[in-house]
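> Build me a model from this:
(chains A and B)
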There are 2 protein chains.
Amino acid sequence: MTTVIDTATSTDVPAALRDHLPAHAVDTAPELLEAYSTDWTRILPPSPAAALVRPSTVEEVQATLRVAHSLGVHVVVRGAGSGLAGGASAIAGGIILSTERLNRILEISPGDELAVVQPGVITADLDRAAGEFGLRYAPDPASSEVSSIGGNIATNAGGLRCAKYGVTRESVLALDVVLADGTLLSVGHRSIKGVTGFDLVGLFVGSEGTLGVVVGATLRLRPLPVRTETLVVFTDSLAVAGAAVEAIVLSGVQPSIVELLDEATLHNIDAHSGSDLAAHGRALLLIQTDGYGADREAQRLLEVTASVGAHGRRVEGAEAERFVELRRSGRGPQPELWGIGEDVAVPRSRLVEMILAIEEIGARHGLLVSTVAHAGDGNLHPGLSIAKRPGETGPPAVLETAADELVRAALALGGTLTGEHGVGLVKRQWLAAELGEEQLALQRSLKHTFDPTGVFAAGFLQEIR
Amino acid sequence: MTTVIDTATSTDVPAALRDHLPAHAVDTAPELLEAYSTDWTRILPPSPAAALVRPSTVEEVQATLRVAHSLGVHVVVRGAGSGLAGGASAIAGGIILSTERLNRILEISPGDELAVVQPGVITADLDRAAGEFGLRYAPDPASSEVSSIGGNIATNAGGLRCAKYGVTRESVLALDVVLADGTLLSVGHRSIKGVTGFDLVGLFVGSEGTLGVVVGATLRLRPLPVRTETLVVFTDSLAVAGAAVEAIVLSGVQPSIVELLDEATLHNIDAHSGSDLAAHGRALLLIQTDGYGADREAQRLLEVTASVGAHGRRVEGAEAERFVELRRSGRGPQPELWGIGEDVAVPRSRLVEMILAIEEIGARHGLLVSTVAHAGDGNLHPGLSIAKRPGETGPPAVLETAADELVRAALALGGTLTGEHGVGLVKRQWLAAELGEEQLALQRSLKHTFDPTGVFAAGFLQEIR
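All right, here's what the predicted structure looks like:
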């Protein structure tokens, strides 16, 4: 099931592409190739890609795949390049296919509560466009101002609001996909429900560009809530924060957002934002409720979190927006450190155990540790970092060791190695630890069914690099 | 990609099964075989199945599959037998594998808001058990008192509340599955989120027993709502009912239930339940809202439905339960008629168009027509029927003709041939019309990847009968 394509082919890939595509769609300038060869992980291929293709039409995507398929050249599909797992890292000698010019919102239907979009649409732009109709696109990865719908679909992106509204998968009704040989396939339906055949929509969502290129998506929209309440709940210890999260889960209220920021994160945010969060407690829960009962729900959450010793209050208007913005902008750049940002998820009841495990791992290896969590669904983003030493050209091995222990700790708690960022190149090493060899073999067979010659070389199941 | 198994094998299947299973797990009594050879469609195989296996353990399921795989005998997996699409119709000479004895609720975790169950658990039993912890299992097919979780997973069952809470897929976190060769595979995770590899959970849900036997499921539970409001909204015409549904969608309220019953349905219910629904209007919308804002939401829905001319009121307690029960029990038996019950879904904005198309088809063919719809998500259950004539031994061809026109009308409106019942034997004829030949070929390849020798012979992708 390993790939059969020889990437060291001597064929003139750019010339072949230009034979079938408009000149402006194909680029080979080295600086462009480099810029488009990695996502936010900065993982570059050992030698350059052969060409960057930026199609403006579905037909141009099909033509690109037909060329790649016939030449036996790998293709890596790329959204906005904001991935955190190396899922869009280019292949040496391969084609980079960017969906950025397929960026139109084709339809917003209030009656059907859906949007039909091209993959290059920026997620927050769609949300704003839906807002004009009293609707919203619920999934909101922290990257929503820069990431695109196609990339969100590729990684099955989560976000803050998915505690209540579900991840990207729950908002995708139908997809148009170009397969490895250039075939255009439409899967799913415009109706909310439908069970005809295997759920290929679900299979494409989260497949990280390994099965096909999403060139169109029909997305479910939700009503804009009539009311949103924001709570900031500080606690004197992480343990109390954990108890507060448990109390929220048991309260019967489904908040739209439950973000947990630990003490180190509060200090980091204060350092680059001028805020004074850390002065108010050792952990912060940022909570939102929305809908017709938002005020009552917020009141209930203030009560249940107070009952375990947390100090909460309602914030409104600009103050509420400021807190959400501080959370979204995150911990800020730390150029004096080597760092790893993680993305694991555990059953919600194991959240505090996981945070304690992270602290223990960090302490044992002499690392700085900070953790932000989408506590409403058990998804943690721990940061591990260590000061750069004079003369060091790369991160010390201890970071990798700690990350390995961290991922295995999440698995041991019944969790998963990636909650929402994807596997990509970064996390392939742990695939078998979570899936087991039998499931991994089955996943490879699935990939082979869709893409027998291994055209789509991105990410997590490819044996090459 | 057609099956390679010869069902006419002369091997002594029961003896081979008894070699590997406890005696009480294997039955061959003709009356048992017949009873277990069909679901509510009453579609029987042309000659009897070879054996009925009712395993009590996962190991017994594995042993059954190993025997079937080695002998080359087909297996049809069966839940509670309440399917409406012939997905559990047995194969001549094959094995019927019933999951009814795998019926334990293994865990309910309030902290993780989930349940771990065996497939034979009756859906409503799980919901009641969750209720003791202040939780509920949200998917509620009308059959929930008789259908099992395994069958719900096989068909990706919907129900009344899925307008707000999603279909079965949205409540399945993880599955244990026995594959065609007896391999036990665990897919998914106990965490709410997780994107490691292709979404095999989503692929098994709705696969109608064609990929593997679900022997365990980790299911998401939701808080029991603090408050539920019930509205009955009668209208003087179907057009006003349609306008009311549209007004509900545009209101920004997400009701948990929006059921539409047409005039013929009201008469049918009155006839077998002693109710007087039809005296109050020509169509009924039965609506529920739930949660902390349920009362405000109900008030808003009364306003928006009144604004289009509907007459709504709040009902409480026993009266509310009675209305829900009348809806759930449905149209009642009509032994004097030949009938077909349909299950199509359309984009919500096309609901009234679809109902009018159904009425036109019925009128043109001289049929009785009644329609119930999960209007909140565009899923319709039209009934087509015609009086039995003396001497007729089966339904007249006109019923099939009308059903064909009905399904094609749904597809023409951008809908699907099955919203929640599944394809099974009943709807295989329309698969290509919805999916197209290319997608159908891909779906067959997928089936082949999981089950290369075609052990799982149920339903929609098998070429045999």
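> all strands of the stretch 251-400 of chain A, in order?
Taking DSSP state E, counting those that start in this stretch to define them, one finds strands in the stretch 251-400 of chain A at A:257-262, A:283-290, A:311-315, A:337-341, A:344-345, A:368-374, A:379-387.
> actually the stretch 51-200 of chain A, not the one I typed
Going by DSSP E, counting those that start in this stretch, the stretch 51-200 of chain A shows strands at A:51-53, A:75-78, A:95-98, A:105-109, A:114-117, A:135-136, A:172-178, A:184-188.
> Would you mind saying which of the ones you listed lies nearest chain B?
Between chain B and these, the shortest gap by Cβ to the nearest Cβ is with strand A:184-188, which sits at 5.9 Å. Every residue, glycine included, has its C-beta placed from N, CA and C.
> Would you tell me what the next helix or strand after the closest one is?
Counting by DSSP states H and E, the next helix or strand C-terminal to strand A:184-188 is helix A:200-204.
> what sits up against that following helix?
By Cβ atoms under 8 Å, 6 or more residues apart in numbering or on different chains, the surrounding residues in contact with helix A:200-204 are A:153, A:169, A:172-175, A:177, A:185, A:187-188, A:211-212, A:214, A:446, B:169, B:198-199, B:202-203, B:439, B:442-443.
> quick one: that helix to chain centroid distance?
Chain-centre distance of helix A:200-204: 17 Å, with Cα atoms, centre = their mean, to the nearest Å.
> and if you look at stretch A:73-87?
12 Å.
> Next, see if it gets close to chain B.
No - Stretch A:73-87 stays out of contact with chain B when judged by Cβ under 8 Å from any Cβ of the partner chain, the minimum separation being 9.5 Å.
> Spell out which parts of the stretch 201-350 of chain A neighbour chain B.
Applying Cβ under 8 Å from any Cβ, we find that the stretch 201-350 of chain A lies next to chain B at A:202-203, A:205-207, A:211, A:222-226, A:246, A:249-254, A:291-294, A:296-297, A:300, A:345-349.
> which residues in chain A form helices?
For chain A, applying DSSP state H gives helices covering A:13-20, A:30-35, A:58-71, A:123-131, A:149-155, A:162-165, A:200-204, A:238-250, A:263-273, A:294-306, A:317-329, A:351-365, A:397-412, A:431-450.
> among those, which is the most enclosed?
Mean neighbour count (mean count of other Cβ atoms under 10 Å in any protein chain shown) peaks for helix A:149-155 among those, with a mean of 32.
> what helices or strands is that helix leaning on?
helix A:123-131, strand A:213-220 (3 or more Cβ pairs under 8 Å, 6 or more residues apart in numbering or on different chains; DSSP states H and E).
> give me that answer again for 6 Å
strand A:213-220 (3 or more Cβ pairs under 6 Å, 6 or more residues apart in numbering or on different chains; DSSP states H and E).
> Taking helix A:58-71 as reference, get the angle to the strand it packs on.
Here strand A:213-220 points in a direction 140 degrees away from that of helix A:58-71 (axes from the mean of the first three to the mean of the last three Cα atoms, to 10 degrees).
> Next, the contact list for A:Ala458, please.
By Cβ atoms under 6 Å, 6 or more residues apart in numbering or on different chains, the residues touching A:Ala458 are A:76, A:87, A:209.
> Likewise for A:Leu380?
A:344, A:354, A:371, A:373.
> repeat that for 10 Å
Shown in contact with A:Leu380 (Cβ atoms under 10 Å, 6 or more residues apart in numbering or on different chains): A:260, A:262, A:342-346, A:351, A:354-355, A:358, A:371-374, A:406, A:410, A:415, A:419.
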